[in-house]
Structures are given as C-alpha cells and as structure tokens.
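Student: Coordinates for the following, if possible.
(chains A, B and C)
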Amino acid sequence: MGSTVEGAAASRGWALHPDRALPADPAVRPIARHVLDATSRLPIVSMHGHVDAAMLAADEPFADPASLLVTPDHYVVRMIVSQATSPGPVRDAGVRSAADLGVGPDAETDPRTIWRRFCAGWTALRATPTRYWLEHVLHDVFDAPLAPSPEAADVLFDWIADRLARPENRPRALFERFGLELLATTDAADSDLAAHATLAADGWGGRVVPTFRPDTLLEAGTPAWTGELERLSAAARIDAFSYDGFLAALRARRQAFIAAGARATDHGHLRADTTRLPDADARALFGAALREPLTGEASAALTAHLLFEQAAMSADDGLVMQLHTGVLRDHDRGAAAAHGPNIGYDIPVAGEFTRALRPVLEAFGHREDFHLIVFTIDETVYSRELAPLAGAYPALRLGAPWWFLDAPDAMRRFREAVTETAGFRNTSGFVDDTRAYCSIPARHDLARRADAAYLARLVAEHRLDLDEAVDTAIDLAYRLPKESYPVPKSAPVAPAQPEPVA
Amino acid sequence: MGSTVEGAAASRGWALHPDRALPADPAVRPIARHVLDATSRLPIVSMHGHVDAAMLAADEPFADPASLLVTPDHYVVRMIVSQATSPGPVRDAGVRSAADLGVGPDAETDPRTIWRRFCAGWTALRATPTRYWLEHVLHDVFDAPLAPSPEAADVLFDWIADRLARPENRPRALFERFGLELLATTDAADSDLAAHATLAADGWGGRVVPTFRPDTLLEAGTPAWTGELERLSAAARIDAFSYDGFLAALRARRQAFIAAGARATDHGHLRADTTRLPDADARALFGAALREPLTGEASAALTAHLLFEQAAMSADDGLVMQLHTGVLRDHDRGAAAAHGPNIGYDIPVAGEFTRALRPVLEAFGHREDFHLIVFTIDETVYSRELAPLAGAYPALRLGAPWWFLDAPDAMRRFREAVTETAGFRNTSGFVDDTRAYCSIPARHDLARRADAAYLARLVAEHRLDLDEAVDTAIDLAYRLPKESYPVPKSAPVAPAQPEPVA
Amino acid sequence: MGSTVEGAAASRGWALHPDRALPADPAVRPIARHVLDATSRLPIVSMHGHVDAAMLAADEPFADPASLLVTPDHYVVRMIVSQATSPGPVRDAGVRSAADLGVGPDAETDPRTIWRRFCAGWTALRATPTRYWLEHVLHDVFDAPLAPSPEAADVLFDWIADRLARPENRPRALFERFGLELLATTDAADSDLAAHATLAADGWGGRVVPTFRPDTLLEAGTPAWTGELERLSAAARIDAFSYDGFLAALRARRQAFIAAGARATDHGHLRADTTRLPDADARALFGAALREPLTGEASAALTAHLLFEQAAMSADDGLVMQLHTGVLRDHDRGAAAAHGPNIGYDIPVAGEFTRALRPVLEAFGHREDFHLIVFTIDETVYSRELAPLAGAYPALRLGAPWWFLDAPDAMRRFREAVTETAGFRNTSGFVDDTRAYCSIPARHDLARRADAAYLARLVAEHRLDLDEAVDTAIDLAYRLPKESYPVPKSAPVAPAQPEPVA
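Tutor: Numbering: from 1, shown residues only, chains lettered A, B, ... in the order given. The predicted structure follows:
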C-alpha cells in the first residue's frame, strides 16, 4: 500500500489541494504545476455567459445561500432530482421534483429547507465538476469551515448567510475579488440594455458588455413569434412585420448592442444549418409565418436562412457570431410546463457541421472581419468535423468545451481530439458560459488546470517545449479569449475598453 | 532499460498478476489496490445474463472443454474465424468457418479437434477481454498448469476434462465457489420456467431468477410472428390473437415471471424508439400483422408502440425495464442460415436515445416505481445522450458497458464519459450479461479492477477522497446492481429473497 | 518544481529526443523503449500513398525547399492559411490564401518568399503531427542546424537548398537512405504507368508499384464522366461506352496494373455503400448516364453498385480493395476553383459501414482470396462498426488511422478503440498514405512509437507479456502491412518481388 495511499487518505478534509485536477504521473505533475503557475493569477475574461447584468447594476447583497447557489443552477437541480426515487438521502430529504429545490411557480420557498435538501444530495455530485465548482465557491469565496453534508447543513447555511450580508460579498466587490477584467452577459434582441446603461454610467461600461441573442426571432414555428416581432419593432422603432423591415430592425438592434459595448451575438438553435434560401423563397416563408406558425420543416429552413443572414450582418458590422446548437430543449415538456425552462431537461442530440456550416464558410470563411465561434456538446464532431474546419477556414474558431463537457476529463478529451488537427490558435480559449456568478473563478481555475495538464503531458512526451507550453497556456487562458472576441469594426470611435485589473 | 523491463519480462508466465488491469502509474496503482481490496471479496450479483437455468437445474457435469469454453462463446468463435484466411496457425489448423469450431448443424463434433483449433487461435486473442476472461477461468476455476498453445492443447484438454468430472466443478458447486448471491437468466415470454421451478423446489428459488424477454412477440414483420402468438396464447392461457388479448397475455406472463422471482424484462430491438401510437392505429397495425407480416416501417412503428406499452406495464407491475438496442443481428445472413444465430455476426449500428426515449421518460420518468436501464454498444451516446438523460430523470439508469465494451479500456472510457455528467449513482453498477457461466467471476473481477483504476485516478488527482472512492467502489460492485433491480412491487408478499453468501 | 521541470527545460533545443512520443509514466517508458527498439530499424513498407512515381523515374534533384516541403503539403498549407486573419506572424507575413504559399495558377512563385511565410507559421503547428514530421525531415534528412522561425528562415532556406543539390538527396538515393523496401503509388485507371515501366527497366520494378484508383470512372454524376470513359477506352483498347464494355475495360486495366506490380485498388467516394443493383437496373442507369449526368441519388446508387463490382473483380483477380470514404471534397468550392483540389478543404462527414459493407461482406467476406481494407476519418465507427466487422469477417482488415488521425493521440485512441474487439491481426499495420516523400520515415517512426506506447502500457498493466508486445510491434510495423497486401493471385508467374534492404 505504502505512502501514496496514506498520502491520499491524509489529504482528505475540507481543503482545496494545490494539485487538484493535475495529472498524478510523477513525470508530468511538476511540469503541470510549472505551466499552471504561469496562468493561475491572470485576470479573468469571461466572454460568454448568462450572469444577469441587473444584478451587477443593482449591486444588492445576495438574498440567501439557496437562491444564490442551488435554485438557479440547473447542474445542481437536475442531479439532485435524478436521485429522487432512489433509496438514499435525497429521497429521504423529501425531494420529488425541481419544485422541492425552489424551482417554478409552486415551489418550496424556505431557503433553509432547500439548502438542507441540497446538502442531502451532496454525495450524488461525487466526481462531477459541479462538486468541484461548489467546493471552490464555498471554500474560496465564502471561507466555509466544512463540506456540505446533512449534518453540516444548518451550520453552513448560517455561515454563508452571514457572509452574504457583508459588503465584500456584494456583486461588484466580488467582481473585483474574482479578478474579472471583462464579463459578457447574454441579452434578448429587444432588451433595453438598461442595466448595462446603469453600469456604464457608473464607469463599468467597459467591464460588463451585452451579447445579442435573437433566437426566438429566428424561429417562426411557434405562435409566440409574432409577439416577438412586436417587441422587436418597439425596441428598434422599425416595423418588423415585413421581411425587409425585420432585417432592418435586427441590424438596428445589433448597432444598439454595439453601442452598448457588445462584442458578439449568440445563436442556440437545434441545428447549425446555415443554408441560404433564394430571396423570393425567404420572403414567401416570412410572409407565411406572419399568417400562421410555420411547420417544422419550413420553420427550420427559415431559421437556417436567417442564420446565414446573421452571418452576413456579422461580416458587415463585426459582431462575433457564436453558435450553441444541438440541444433538444425541454425534453420533458411536463416538467418545463410545471417548473419552467433551463432546469436540466435540455438534452443534446447528434450534431452535423460539415454540411451545415458550408454556406456561411464558403461565403465569409476567409473574410478578414468575420469571426465565427462554434460550440458543441456532441464530442463526436470534434475530430471529425470541427477541428478540420477550424484548421482550414481563417474565420472559424472552435469554442471551449460547453456545458456537460466543461469538466476535467471532457476538457482533456477536447484538447486531445482537436489539437493534432487544428492546433491551439484555432480555438477560442476558455469560455465559461455560466449562470452561476460565484462559480466563474472556479471554472476558469479548473480550465487552466485542465490545459496545464494537457500541455504538461506534451512536454513530458517531448512533443512540445516547456516555454512553448507556458506561452500556449497563457494564450488559452487569456490572450485567445480576448483575441477571439475583438471589438467590432463598426463600434464607436472610442469604444468602451476594459480597464486592466490592478 | 532498467528494472521495469526486467520486471515485466520476469512477470511473464502462467499466473494471474495481482495488479493486472490496474494503472501502471506509481502514484495511482497503490490507491487502486486499496480500492480494489474493498470489493474483491464481495459476493457477485449477476442481474442480467444468458446462463441456461436448465444447466443449474440438472446440475450435471459439463461434457468437455470445447463444448463448455469454445463452441458456445461467440467472442471466441468470431475472433478465431476472423483469422481463417490469414497466414498463420488458425488457417493451418483447418478453421474455415464457425462449423470448424463446433457451431451449427453440420459442424465438427470432436471436442479435442475443436480444442486444438481454439489453442491454435490463442494468439489472436492478445489484448482482448476474451483472453483475460479465459486465463482467469483456466487458472482460477480449473487450476490449469499452463497457457493455451498448439503444443499445450492436448495436455490442457485432458487436464480440464479431468477437472470437469469432479463434483466440485458441477454447476451448483461452482455457483457457491464463484460467490454468486443472485443470478438472473433470460427467458422467452412463453417459457414454462420449468428449470426455475426445479431450482425453487430445491431451495434455489431466490438465487436463480428469470428475466422476461418478449422480443419476438413485439416484432410483427416476420412470418414467424403468428407462431409466436400461438405459443404466447398457450403459455398464458389467453387468446393473444387480438390486440387486447395480446396485451392481457403479456401481462399474465409478466405476472408468472414475477411469481417465479423475476426482477426485470429485457428488450433487444434494432432501435430504442418508444413512440406511442394512437390506440386506433395500434389496433389497426396489430390487425394487419395478423393477416400478413408488416413492412419494415410499419413493423418498427408497432415495435416502438409495444415498447411503450411494456414500459407502461413496468410502471404498473414493477419489473425493471432493460433495453439492449442498436445491434443489426445476423449481419451475414448466409452464416446465420448455415450455423445459427449468436455466432459473432451481430454488428452494432449508430444509436439514438434523446428522441427515442422521450415518450417513455415524459410518461414515467419521474414515477417512483418505474425503473429503466439502458445499455448501448455505441459509445458516442454516452456523454451526448445517456449521461444527460440519466442525470435528469430519476427512473433512468445507465447500464454497464455492454458486449464489446465490457473490456478494460472501454470500461474506463465509459466512466470517463458519463461520470462528470451523471455521477455514479445514475448507473446500474456492473452487469455481466454473459452466456459463459465459468467466466462470471472473471468478468466481475475485471470490472472491479476497471472501476478501482478509475476511482484511484480521481483520488490521485484530488478529485475524490479516498474513503469516497472506497464507498463508491462498493456501490458499483455490489450495492447498485441490487438497488437497480429491486423486487417488483407486485411480487408475492414473501418474495423469494437471495440468501447471503457465507 | 524539481528536476523534472528542469529536465524538460533543458531538453529543449533543436534535437529529436530519443523518447519523443513515448509515455512519460516511469513505469511504462522503459518498456516502451524496449518495444520500440525491436522495430525502429526495420525496413519500411509503404503500401499506400501518393508519391509520384515519375519523380522516382526521373530521379532529378528537388528544386527548392518550398516546392518540396510547403506548397504540395495540404497539412501545412491549410494550417497556415487558417491563421490568415488572426493577429500574428502569419498575417504579418502576408498570407491571405493558399496562393500566397504557392498553390494554384496565380500563386506566389518565389520559393524564398513562400519559405519565409512557412517559417512565420511555424508556431501555428505546435503539437500537430505536421510539426513532428517536419522536425524529423529537417533534422534527420537535411541535418538542418536550427528550427524554423521568422529569424531562421533565410539560413534554413539556403541550408536546405544546398543539401537538395547533393546527389545523396536525389529521390532514389533517399529511397535507399529511408530504408524503403516497397513503395506503392496511386494511379488513375487510365494511367499508362510509364514511370513504373521506366523504374522496372531500371531494376526498380519490385520496389515501386502502382495502385489502381478508378474513382472518377465510378461517379457518373458529373459532365466529366464521359471524358473519363473515353480515356478508359483508349487505355484499355476496349470500348467502354456500354455497360459490358465498361466492366471489361476496367478488368483489362486491372490486369495491366497487376502486370506492372500492383497489389491493390483504392476507392475514395463519399459513402462506403456497396449495395448491388439488379443487373437490369445497373445497365439502365449506366445507359442514362451516357446521355446526361445522373442526379445525386442515382449517381450514388450506381457508384455503390460499381463498388460491389470492383469487389467482385478483386475476389476474382486478387487485387486488395482499399476504401477511403467519408470525405466531402472541396468544401470551399471557391477555393477549389481558385487554387485547385487537395489544398485542405476536404472535410470529413459521419460514416456508416455496418449496412454499407454488408453486400460485399456477405458475398465475399469469407473468400480465401478477397481482401478488403477500410480506412476512416470518423473515429466513432472504430469501436462501433469497424472493429466488430473486422473481428468477424476473415476478408476485412481495419486500415491504419488515416489523414487527421495519423497523429500520436489519435493513433492511441485507434488502438484503444479497436484492439479489445478486433485484436491486432485484423488491422492492416501501418500505412502512411502520404504525398510528402521526405516525411515517410518520420511517419513510420511516429507510428512505431505510438504502437510501442500502447503495447508498453498493456505490458505494464499485466495485460500482455513483454515478448508478446515485441512480437506484436513487429507485426504492426512490418509483417502485417506486407501480409495485408499480398501479391495478387492473378499476377505473372514470377511477379516482381521486393528485394530485401541490406
């Protein structure tokens, strides 16, 4: 057995091990530490995510541990609910559905009860990134004295509640403490961007920027679509109830986003298809959609065409185009109806990019000012499609491992699958894509560890020099995310620039 | 070069190394040994497989080495046949087809000749789990003095034949020696379960239980289907030649299986589709099938509907529903016609689960008493579909790596692909699914080693505490298989319970 | 930090580390060295690739470093072009498209300028096999004194140009120096094989052999097809403008290739489908194609049928059938039109083999003299389809990792994905498939290292004995490629045989 096992046993306890998530191999770990040392104190640029700008604009204290860390985190909610009918502490704690964790209209409202249920589900999170992130948040952000467990639930709740009341844990104070240099939010196309205006007025304009997300406007297969057009018309002050007006309104909103500091758009449809329709066909479909929701096939065709049009607008105004496709949203329609969206029932399907992206890449793939970043939860396309495409077209970068793949082993698989074909500089660098504000440092920390681990192995196998590994690690952690999301060419002459973090 | 290579060379020989299949990394192996030590002596629960209950009921000595270890093992037969036209010992030994290994009606009948051919093919099994399992069987079960080789063939044959004649190697004695606590067989829906009745009369009722497999009854695209209905009618004593009668007969057979101790059903269709048809359409298709075999598309639609109905019955009677889909059976129709089924020409195809399981999961995915376990040979669905689904729906567990994936590297990939998204407790724990009775201990041993290897790496990377790893290893080896296959709620008041192994 | 990092830093510099691409694990590396030692000096058999026989027939000095190492290498061109719009040295060096690297009709023609641009893109190749191969070529073949960099560009250019003028770097001298035993080229079906005749007249007939590639003749969906028929008719001296004549002409050309030493055919269509049509349908489609190009669906059906016919011819004449399918050629049709084919815009799509190969495998899969080798760039089919098929059908071998997968981590994944199901002897051994003549030794070296790494891990995990690992390594590097491409049974009585390399 020997000292390794004793070391492993002794290392247990409520602490973040300095070598966590680094390779165990004694020939690799010291190199990984060296590489990590070059990135662990770099500022964080968070170029895509779902933090609410209004939270930062208001800068109020967070309400309680449950509403901060449990209820809004679909990773946590889904995993605990998945244990609801199995023998064990989750079932014993009375969890039957997401409502028991505070999600939805008829949900549990007592934060302490929710927190106890979360603590009962802690063991279900073993070996998941969620556990890793939460340990980091509890330990590093709130200095919590012990790990979650049914016994520790109340002590922890009170501890964190106390910390949340302190000024140093208000949103903007945390922003500084996290070392955030720039944070991009995600905003509906008709958003008034009021929170961003407040932030700009407070001198935070260059640090928190919006992202233009017009998904619902590009999907004309639902009865809600015309309502979306109304809101778009109002926001853009352009009548969007004609094809030309619709495109003009989208262009206007993109300009408003650019004026507010936006760097990018984001698109989350089921498929990545960008097939352009003949102009007359697009107009006809748009007109038909005004009369009644399109059928599935027609709706998908119009979405593909409009994605192409969004690419054309990006080639024109310089907003980086992000694709997050391949997820069947609200897989359990009953749960979605009862508890709302984004609670863990969004399930991936097989993706296809080689044919889907061809129209956009043939049209704009070599344009100096067009930037496309593609994310996937379907790993099979990494080596087969996305790495070959990103290794050929200058405009395309392969986004960081997304969602379920934002995890140590999955991040390793990502680098192993894409690097030999696409290298490093055709990837976007790390993008956290989180809704959980407090987990941003944890996610960047874990990603930097995963990249250090991969790079250290290459060095130990004499496939990369040590100085190249260090330089590449800095690229992946800091330089590439900034470079991949440049300030749009059509931005105001003196665009809001991020201030360097001291 | 040094001592490592000398150690590797010295370790050679006819012995099972205590560290076999554990990671070589000196920072991980001691931890893996420690984790394995916690599971290596646990009883075996074999919750799904294809051992013949009649063999245990009769408890006769096994006939000879070839008919025990070669002819019925499609892993062995296919691999040796695959070398039939290559220069080398297999071709030289006269192997041209499965018949030369004793398979099928016009096959070789001399066991010693078959055994010699098997020994000639031994080198073709290098680095396969088949080789690993057979080494374990030969070494641990039969105490064989040397490894298979053309030179050793006759010595080995005589040695094993001698051992097979001894009482301690009869089926029930081996059951005890293997540390089997519970063994589930697989049985046609119209089975009279006579062997299980014999075993129950002998006091073995709680130790060997049947599994309900109605595949042929759910596939109305073949001329054989009406014959299946006749046998079902006879077995259930219900006229199955109407849609309602058919469902009633299936329900009755499920009850008979439950009375005989069954925990589960099993379903092995090409697709996992569970789309429910409107009742009238289902009745119409059933009626049409009574007149003539359905076309491919109609047959698949009826199968999907009937799978949904099986799920509904499981939600009602509590039998765990197992899916083993995605295999194109009898790829070589000529070989199947000549030698019979299950000889190695069943080849996987790409699977789809996100859409396929939606009907069943929306309907029953949160039901307290519904249990669905899904197996796949298509690894691409692990991280993309099955882990996200199992990490959300309480009723769904992800089955152990199946068939070709029941192998050391494939088992590692399974854990790496699913754990970060679904954790451990949304998996079924180990399921051996074997026809090869004597290999059951070898398969559980190898699975426990693979899980110890994975868990040890997590500990060494400070992603899991050592005590958590040990606790999880026991879950995967023993607790989860039992928990995943509970006694059905509709079982008799005092259901036959497995006796603990001393 | 310690000595490992210092060692890694110190190991830097312009040298090929003897342990490059071997595992870092101290328990595995010494074993890997031992295994590699058994193969590193074996002759090279290069059974499939795209080296131009005319280059060897003429045996002229190579013109300059750029036209030898940059312009014709699509791996290099695509990766450098992929950085054309990113901030950095590639953009600064003026690269906008493949033309700037010498590709196509209006391309840069100054070799030194192209070479400087290549050197500016060197850092983009980090961690790619292209970098590894080029380092090997520069260091081992040309004894270059330093690594490429913008600063070193001119020194390197002059150094290599000087070396290229020396007699020991002419094509045939390099052939000897590389330790090549046999090199297969790829040749159009209508090729006059003049270069091969020249080589044969010079006594090189057994060392450089052609491969029959009739792709364009099997695709009747383009206007160019009838021109292809004309060339076929002329080459075969048989009128190919009837279905029977077409097949007869193909048979005749195959015989001509066999007479010139060919071992194999090669087929590179989008899909692997081999569905045979009824004879009348095939004749009708062929006739229709003579009148006008077939539509996509009809063209694909005829291609599938003709692939089956090629398999039938192989079963008859003994030429090994190779499939390289699953690539969408000329993804960017504009780039292809401007710069030509094979410049990096050939992108993989998802593959399917279980159903696609069934017709050929059912018909010929057990035939003594039929040999099929299948390559894929879609890794998902390794464990799901190709390993199960190769582990069952004697006639089928799984080709070496192809194209983007011919890289260290991808080669590891290949062995891990296929060996447990198909073993080693159902694979082809290493096949380099290169156009870059000088990189042949580098590619075989890297493949031997990758296999040594995999085998050493198995030994260290006590899954394979050391002597078995050494024996298997020799199989993979040398014996299996020769065995997988036997001399056709219909070859002349005394077929040209490769002479052993001293």
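Student: List the contacts of the residue nearest the centre of chain A.
Tutor: The residue lying closest to the centre of chain A (C-alpha atoms, centre = their mean) is A:D433, at 1.2 Å. For A:D433, the contact set (C-beta atoms under 8 Å, 6 or more residues apart in numbering or on different chains) comprises A:48-50, A:324, A:375, A:400, A:402-403, A:406. C-beta coordinates here come from the backbone N, C-alpha and C atoms, glycine included.
Student: closest to B:D215 among these?
Tutor: A:W403 (35.7 Å; C-beta to C-beta).
Student: which residue packs closest to that closest one, ignoring adjacent ones?
Tutor: A:I377 (5.2 Å; C-beta to C-beta, 6 or more residues apart in numbering or on different chains).
Student: now A:A248
Tutor: A:I238 (5.3 Å).
Student: doesn't the one you found fall inside a helix?
Tutor: No: using DSSP: H, G, I helix; E, B strand; the rest coil, the assignment for A:I238 is coil, not a helix.
Student: Can you give me every residue that contacts it?
Tutor: A:I238 makes contact with A:245, A:248-249, A:252, according to C-beta under 8 Å, 6+ apart.
Student: quick one: A:H139 and A:W14 touch, right?
Tutor: Yes: with contact defined as C-beta atoms under 8 Å, A:H139 and A:W14 form a contacting pair (7.1 Å).
Student: Looking at the two, which is more packed in?
Tutor: A count of neighbours by other C-beta atoms under 10 Å in any protein chain shown puts A:H139 above the other of A:H139 and A:W14, at 17 against 12.
Student: Quick check: which element contains the nearest residue to that one once chain neighbours are set aside?
Tutor: Spatial nearest neighbour of A:H139, excluding adjacent residues (C-beta to C-beta, 6+ apart): A:L16 at 5.4 Å. Under DSSP states H and E, no helix or strand contains A:L16.
Student: Please tell me how far the residue nearest to the centre of chain A sits from A:H48.
Tutor: 5 Å (C-beta to C-beta, to the nearest Å).
Student: ok so, going back, quick check: the residue nearest to A:W403 touching B:R384?
Tutor: Yes: shown here, A:I377 and B:R384 form a contact pair, counting by C-beta under 8 Å, at 6.5 Å.
Student: which neighbours do these two share?
Tutor: A:P348.
Student: Pick out whichever of the two has more residues nearby.
Tutor: Taking other C-beta under 10 Å, A:I377 and B:R384 do not tie; B:R384 has more neighbours (29 against 26).
Student: Would you quantify the distance from the more buried one to A:D432?
Tutor: Distance, B:R384 to A:D432, by C-beta to C-beta: 21 Å.
Student: if we can go back for a sec, distance of the residue nearest to the centre of chain A relative to A:W402?
Tutor: Using C-beta to C-beta, we find A:D433 at a distance of 6 Å from A:W402.
Student: Identify the contacts common to the two.
Tutor: A:324, A:375.
Student: Wait, A:I44 touches A:A184, no?
Tutor: No: the pair A:I44 / A:A184 is not scored as a contact, 11.7 Å apart, by C-beta under 8 Å.
Student: and the two? which has more neighbours close in?
Tutor: A:A184 (27 against 23).
Student: Identify the residues contacting that one.
Tutor: A:46-49, A:208-211, A:262-264, A:485.
Student: which of those tops the neighbour count?
Tutor: Of the contacts of A:A184, with other C-beta under 10 Å as the count, A:V209 tops at 30 neighbours.
Student: List the contacts of that residue.
Tutor: A:182-185, A:196, A:260-263, A:496.
Student: Give me the subset of the residues you listed that lies in strands.
Tutor: Using DSSP state E, the subset of those located in strands is A:182-184.
Student: where in the stretch 1-150 of chain A is pLDDT low?
Tutor: Applying pLDDT under 70 to the stretch 1-150 of chain A picks out residues A:1-13.
Student: which one of the ones in strands among the contacts of A:V209 sits closest to A:C119?
Tutor: For these, the nearest to A:C119 is A:L183 (29.5 Å; C-beta to C-beta).
Student: Please convert the ones in strands among the contacts of A:V209 to a markdown table, extending it with pLDDT.
Tutor: Putting the ones in strands among the contacts of A:V209 into a markdown table (pLDDT from 0 to 100) gives the following:
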| residue | pLDDT |
| --- | --- |
| A:L182 | 98 |
| A:L183 | 98 |
| A:A184 | 98 |
